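Colleague: Below is the sequence, then the predicted model.
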Amino acid sequence: MEVIAYIGLGSNMGGKKANLKAALELLGRVPGVKILRVAPFYRTEPVGYTDQDWFVNTVAEVETTLSPRELLAACLEVENRLGRVRGVRWGPRVIDLDLLLYNGEVIDEPALVVPHPRMHERAFVLVPLADLAPDLVIPGRGGVRELLAGVDRQGVEQL
Ligand SMILES: Nc1nc2nc(S)n(CCO)c2c(=O)[nH]1
């Protein structure tokens with residue numbers, strides 16, 4: 001049966017918008033994954049490891065028959081196909097796909113934590129997510145609209 005999941009995409013190396021478009025193209029070709037909607041792209045100030053180039057971020061809403069682990073594996077496969085080299089943990093990356101939400105479920109397993117543990121404090125996630133689903137509730141964290149009101153939108157600029 002199909003469920004709804006949300007995937008965060010980001011790039012801060014090379015052709016950032018082109019990298020996001022390529023990732024969406026590859027993701028959309030995965031059997032069992034259908035991209036329903038994609039938020040606008042945003043130019044965003046790096047958080048966490050700040051000594052790096054600005055990112056381009058967006059969020060995609062997908063309908064999928066894959067399990068959470070299968071969907072995560074598909075995201076990692078897209079990253080690998082686009083040449084993601086896992087160097088510095090928080091360092092620059094050609095492409096990053098984060099599984100943000102899966103069918104409203106809470107999952108806490110080794111290498112699979114959903115909702116994404118930091119998404120509720122990240123404007124670069126909440127802003128595009130609110131473009132798609134402002135009334136969504138992030139299990140255990142609160143409503144997207146309310147969380148967005150609590151973060152600093154500084155450093156998230158619509159492209
Ligand atoms: N603005 C911004 N800052 C980030 N810091 C990390 S790590 N990442 C990678 C995503 O976890 C990002 C990002 O995608 N966008």
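Modeller: In hand now; what should we look at? Residues are numbered from 1 along each chain as shown.
Colleague: for the ligand, what are the nearby residues on the protein?
Modeller: Taking CB under 6 Å from any ligand atom as the criterion, the chain approaches the ligand at residues 10, 44-49, 55, 57, 90, 96, 98, 124. No exception for glycine: its C-beta is placed from N, CA and C like everyone else's.
Colleague: Out of these, name the ones that lie in strands.
Modeller: Mapping those onto strands (DSSP state E) picks out 10, 44, 55, 57, 96, 98.
Colleague: show me where the protein has strands.
Modeller: Under DSSP E, the chain gives strands at 3-11, 33-38, 42-44, 55-64, 96-102, 107-109, 112-114, 137-138, 142-143, 156-158.
Colleague: Which elements pack onto the fifth one?
Modeller: Here strand 96-102 is seen to pack against strand 3-11, helix 68-81, strand 112-114, helix 123-132 when contacts are counted using 3 or more CB pairs under 8 Å, 6 or more residues apart in numbering; DSSP states H and E.
Colleague: Now for the closest residue to residue 82 other than its chain neighbours: which residues touch it?
Modeller: Setting aside the residues directly before and after it, residue 82 is nearest to residue 95 in space (CB to CB, 6 or more residues apart in numbering), at 4.6 Å. Residue 95 makes contact with 9-11, 19-20, 22-23, 78-79, 82-84, according to CB atoms under 8 Å, 6 or more residues apart in numbering.
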